[in-house]
Structures are given as C-alpha cells and as structure tokens.
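Chemist: This is a predicted model, with the sequence first.
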Amino acid sequence: MIKTLLPILRAFVLFAAVAFAALIGYTAYANHAAQQAATAFCDTIRAGADIDLVVAGAPHGSGHRLIRNGDDYLFTFQGGIFHADVCRVAVSEGKVTSIRVEEAGD
C-alpha cells in the first residue's frame, strides 16, 4: 500500500515545488518589469510640460492606470501581487513641477 502511494506523494510534492518556484519567478519578473515601465515613462516627462499632453502620452493597456490625487497624478504600473511602481507627477496650474518614481507595495 505504501509503495503505491509513495510515487503519487512524490509527484504531488514535485508539482507543488515547481508551481511555487514558478510563482516566485513570475512575481520577480513582474516587479522588475513594473519598475522599468514606471522609470521609462517618468524619463519622458519634463518639468514645465503641460499635464494634458503627459496624460495623452501615457501608455495604454493592461497593468497601467492613472490616479489623480489633488495636484498629484499617479501613473501606476502593476507588478506582482500587492506590488506596483508609480510615476508620481506633481502639477501646479496645469504644468508639471516634479517627477519621481516610487515603489508602492504591501
């Protein structure tokens, strides 16, 4: 009985280990990609630029969203679960005053 269950148990443990390693690998890749995307976008913005042009030039697609928080525009790039990188753009009178990349994760 044990000899027949042992290969099944080994296969289950191996599958669980491979699935866990794949999850960790994907999370690391997604976090790195989010950081690179936020940095690349922030690098295209210059102080004094019109915020409407910045918003219009923002990348469109999955993994990116725009949140407006008062005079701050947060261009958020999703990484792995509970992780995102943000290009924070501060605005005054419709013009960009500062740009910085931040990590937002739990």
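Modeler: Sure thing, it's come through. Numbering: from 1, shown residues only.
Chemist: Next secondary structure after the helix-or-strand element of the chain with minimal mean pLDDT?
Modeler: Across the helices and strands of the chain, mean pLDDT, DSSP states H and E gives its lowest value to strand 64-69, namely a mean of 87. Sequence-wise, the next helix or strand downstream of strand 64-69 (DSSP states H and E) is strand 72-78.
Chemist: in that following strand, what's buried?
Modeler: For strand 72-78, burial by neighbour count (16 or more other Cβ atoms under 10 Å) applies to 73-78. No exception for glycine: its C-beta is placed from N, CA and C like everyone else's.
Chemist: any idea how far it is from the chain center?
Modeler: On the basis of Cα atoms, centre = their mean, to the nearest Å, strand 72-78 sits 10 Å off its chain's mean C-alpha point.
Chemist: Could I get the full set of helices for this structure?
Modeler: With DSSP state H as the definition, the chain shows helices at residue ranges 2-43, 51-56.
Chemist: got the contact list for the closest residue to residue 81 other than its chain neighbours?
Modeler: Sequence neighbours aside, residue 27 is the residue nearest to residue 81 in space, at 6.8 Å (criterion: Cβ to Cβ, 6 or more residues apart in numbering). The neighbours of residue 27, taking Cβ atoms under 8 Å, 6 or more residues apart in numbering as the test, are 79-81, 83.
Chemist: returning to that earlier point: the helices of the chain into TSV, with extra columns for distance to residue 67?
Modeler: As requested, these are exported to TSV (distance: least, Cβ to Cβ, whole Å):
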stretch	distance to residue 67
helix 2-43	13
helix 51-56	12
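Chemist: Out of those helices, which is closest to residue 100?
Modeler: Closest to residue 100 of the helices of the chain, according to Cβ to Cβ: helix 2-43, at 7.1 Å.
Chemist: model confidence over the closest one, on average?
Modeler: In this model, helix 2-43 has a mean pLDDT of 92.
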